[in-house]
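A.B. asks: 3D, please:
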Amino acid sequence: MVIALTDDRGRLLWGSAARPGRSSEITVRRHDQLTAKLRAAGLGAIADLGFVSLDDGGPDADLAVITGYKAARNRPLTRGQKLSNTALAAVRAPDEHGFAHVKNWRVLGKVRTDPKWATALVRALLVLTNPEVSR
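C.D. replies: So this is what the prediction gives:
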């Protein structure tokens, strides 16, 4: 499992170290201290529903991660929450295109190796998917 960040145009900017597939997304994100790193850099992120409850910054802290709303069996979404989810989905569309571009490298679906070698592979693919390198 790899966590990645993209810019607003869907270009991949960062990829986390690879973790075994049995790891849950929320555990990997907390282990990598993603919200603390975003706050330290003065950045924020718009994320999918896998990030819900990740931002543990306290009541006075600015949000580092903005997510949509999850419905529960006994608590359906309100009209406002549905509209908010629709707006977030529209903003996240370029990000999903960036992730799909990486998934075109079919080698990632067949990786059965040590996570440190998978990390090197993902970082190499990150470089190959970004033809514009800023120095």
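
A.B. asks: packing partners of the longest helix belonging to the chain?
C.D. replies: Determined from DSSP state H, the single longest helix within the chain is helix 79-103. Judged by 3 or more Cβ pairs under 8 Å, 6 or more residues apart in numbering; DSSP states H and E, the packing partners of helix 79-103 are strand 4-6, strand 12-15, strand 45-46, helix 115-129. Using the backbone N, CA and C atoms, a C-beta is placed for each residue, glycine as well.

A.B. asks: ok, residue 12 - how many residues close by?
C.D. replies: Using other Cβ atoms under 10 Å, residue 12 has 20 neighbouring residues.

A.B. asks: for it, list the residues it contacts.
C.D. replies: Applying Cβ atoms under 8 Å, 6 or more residues apart in numbering, one finds that residue 12 lies in contact with 4, 5, 6, 98, 101, 102, 126, 129, 130.

A.B. asks: from what I can see residue 19 touches residue 28, true?
C.D. replies: Yes: contact criterion Cβ atoms under 8 Å: residue 19 and residue 28 qualify, at 5.0 Å.
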